[in-house]
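In: Quick check, what structure comes out for this input:
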Amino acid sequence: MKTSRPRDGNKRNPLGKKIRRGIAALVVAAALATYLFHYFWLEMPMGSGPAGPAVDREAFATPWSDRPVLLLGLGDSVTAGYGASPGLSYFDRLAANPPGEFPEMQGICLRAVLPSLRAENRSISGSTSLEHWDRQVRKLPEYPRDTWGVVVLTTGGNDIIHDYGRSAPREGAMFGASIAQAKPWIANFESRLERMLERIGQSFPGGCDIFLANIYDPTDGVGVAGTVGLPAWKDGMAIHREYNEVILRVAERSEWVHLVDIHGPMLGHGIHSRQFWRKHYHPQDPHYWFYDNFEDPNDRGYDAIRRLFLNGMAEVLPKSLNGGMARAPAENDRTGPHRAAGSPARDASWNSRSPRVRAAAHTGS
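Out: Numbering: from 1, shown residues only. Predicted structure coming up:
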């Protein structure tokens, strides 16, 4: 009697085997694609430890002056410290080292070199440059004549990003605007910024230095933020660039206004920080320096900004406080209407160009 041999199922159905292999390969590919998308586009690890440029300890080894100095904060949430842990905003860390300070930054703060320092932060989270003039700068008092002002100002960022595409673009909430729409608003920003800086100077009859930051870019120069829920904006990067050019131009018109470049050093630490093929990728620190809201820095971002301001201040303040060049507008410049952008300067110092402006702009970047 013949017995039948068991049949080989694989030989009987080779097509089924190929299909199963194809399905397995697709599953693996989909899992890999999901992992890579999550890793490169959605995960934004903050990292740990110090962030930003080194600060020269020697510059803070001896006092700069014993005269009364006011550290005055003006502007938006960056100066207000939104997103920072208590005591870790850049403003707080400029004034004094926080508990648990990094070893290389211990003793590097303004109180270490300005024993008569007082700090006053008038900045408001969420505010625009229009509100900075109306609610902060225009209401400044005149400070005592023996007091030197050290003013830090962040302005303009909310003008650009508000209202996140939720409403039609307008001045002070330009998101979604075309460059043609934005041109008059940009011109108004330049005039308004000049007016603010002049009014700040008038508040310090004893003299002041203003450290004006430009506007960083959490998209790392890519201009796309769909992964954080923002709609596409064709002219967003062009408008952002125009605003930063205004800030640079206005800073260069006065020897007592100093640009602090936070835009350049923050590139590569935004929402594309893990993408190694990007121009601004930082292999030594490929981490996210912004808070959960995408707009404001986190603790490491504020650390970097603090260092950038300190480097600019170390370049400028020892000279100013000991008979250097920086001064508020002349007495006869404290009366009369504000000079419109582009009109002749009434005071020579307002229209002068200081090499220290450019030095402060690039320190540590």
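In: any low-confidence regions in the protein?
Out: Applying pLDDT under 70 to the chain picks out residues 1-12, 36-38, 40-42, 226, 228, 324-365.
In: If we use 80, what do you get?
Out: 1-16, 20, 22-28, 32-45, 224-229, 275, 324-365 (pLDDT under 80).
In: As a check, name the ranges of all strands in this protein.
Out: Assignment of strands within the chain using DSSP state E yields the ranges 69-75, 117-121, 148-154, 208-213, 257-260.
In: closest to residue 298 out of those strands?
Out: Closest approach to residue 298 among these is made by strand 148-154 (15.8 Å; C-beta to C-beta). Glycine gets a C-beta too; all of them are placed from N, C-alpha and C.
In: how long is stretch 80-97 end to end?
Out: 17 Å (C-alpha to C-alpha, to the nearest Å).
In: ok now it, how far from the chain's centre?
Out: How far stretch 80-97 lies from its chain's middle: 14 Å, per C-alpha atoms, centre = their mean, to the nearest Å.
In: how near is the closest residue to residue 248 other than its chain neighbours to residue 244?
Out: Leaving aside its chain neighbours, residue 248 sits nearest to residue 259 (5.9 Å; criterion: C-beta to C-beta, 6 or more residues apart in numbering). Distance, residue 259 to residue 244, using C-beta to C-beta, to the nearest Å: 10 Å.
In: Now for these two: what residues contact both?
Out: Jointly contacting residue 259 and residue 244 under the rule C-beta atoms under 8 Å, 6 or more residues apart in numbering are residue 214.
In: Could you check how many residues crowd around the residue nearest to residue 248?
Out: 24 (other C-beta atoms under 10 Å).
In: next one: residue 27
Out: That count, for residue 27 with other C-beta under 10 Å as the rule, works out to 10.
In: burial count for residue 144?
Out: So residue 144, with other C-beta under 10 Å, has 11 neighbours.
In: can I assume it is in contact with residue 68?
Out: Yes. The pair residue 144 and residue 68 passes the contact test of C-beta atoms under 8 Å, sitting 7.1 Å apart.
In: can you tell me which residues contact residue 20?
Out: So residue 20 contacts nothing (C-beta under 8 Å, 6+ apart).
In: could you measure it against residue 161, distance?
Out: Residue 20 is 50 Å from residue 161, by C-beta to C-beta.
In: what do you get for residue 177?
Out: Going from residue 177 to residue 161 by C-beta to C-beta gives 11 Å.
In: Leaving out the residues flanking it, which one is nearest to the spatially most central residue of the chain?
Out: Nearest to the mean C-alpha position of the chain, by C-alpha atoms, centre = their mean, lies residue 216 at 4.2 Å. Spatial nearest neighbour of residue 216, excluding adjacent residues (C-beta to C-beta, 6+ apart): residue 266 at 4.1 Å.
In: Pull up the gap between residue 273 and residue 97, please.
Out: From residue 273 to residue 97 the distance is 27 Å (C-beta to C-beta).
In: more crowded one of these two?
Out: Neighbour tally, residue 273 and residue 97, criterion other C-beta under 10 Å: the higher count belongs to residue 273, 27 against 17.
In: I figured the more buried one hits residue 282, correct?
Out: Yes. With contact taken as C-beta under 8 Å, residue 273 and residue 282 are classed as touching, separated by 7.5 Å.
In: my guess is the residue nearest to residue 216 meets residue 217, correct?
Out: Yes. Shown here, residue 266 and residue 217 form a contact pair, counting by C-beta under 8 Å, at 7.2 Å.
In: Now do the shared contacts for the two.
Out: Among the neighbours of residue 266, none is also in contact with residue 217 (C-beta under 8 Å, 6+ apart).
In: Who has more neighbours out of these two?
Out: Under the criterion of other C-beta under 10 Å, the comparison of residue 266 against residue 217 puts residue 266 first, with 25 against 22.
In: what sits against the more buried one?
Out: 216, 217, 218, 289, 297, 301, 304, 305.
In: can you list the residues you listed in CSV and add distance to residue 110?
Out: Shown next, in CSV, are those (distance: C-beta to C-beta, whole Å):
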residue, distance to residue 110
216, 23
217, 28
218, 28
289, 23
297, 19
301, 20
304, 17
305, 15
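In: Nearest to residue 156, out of the residues you listed: which one, please.
Out: Using C-beta to C-beta, these come closest to residue 156 at residue 216, 11.0 Å.
In: The closest one against residue 262, yeah?
Out: Yes. Using C-beta under 8 Å, residue 216 is in contact with residue 262, at 5.2 Å.
In: Residue 131 touches residue 123, doesn't it?
Out: No. When contacts are counted by C-beta under 8 Å, residue 131 is not listed as touching residue 123 (10.6 Å).
In: who has more neighbours, the two?
Out: Taking neighbours as other C-beta under 10 Å, residue 131 and residue 123 compare with residue 123 leading, 24 against 18.
In: what's the spacing between that one and residue 281?
Out: Counting by C-beta to C-beta, the gap from residue 123 to residue 281 is 32 Å.
In: do the same with residue 185
Out: Counting by C-beta to C-beta - residue 185 and residue 281 are separated by 33 Å.
In: Repeat that for residue 200.
Out: For residue 200, the distance to residue 281 equals 38 Å [C-beta to C-beta].
In: now residue 53
Out: On the measure of C-beta to C-beta, residue 53 and residue 281 end up 18 Å apart.
In: Also residue 250?
Out: Applying C-beta to C-beta, the value for residue 250 to residue 281 is 32 Å.
In: Neighbour count for these two, which is higher?
Out: Shown here are residue 250 and residue 281; by other C-beta under 10 Å, residue 250 has more neighbours (21 against 16).
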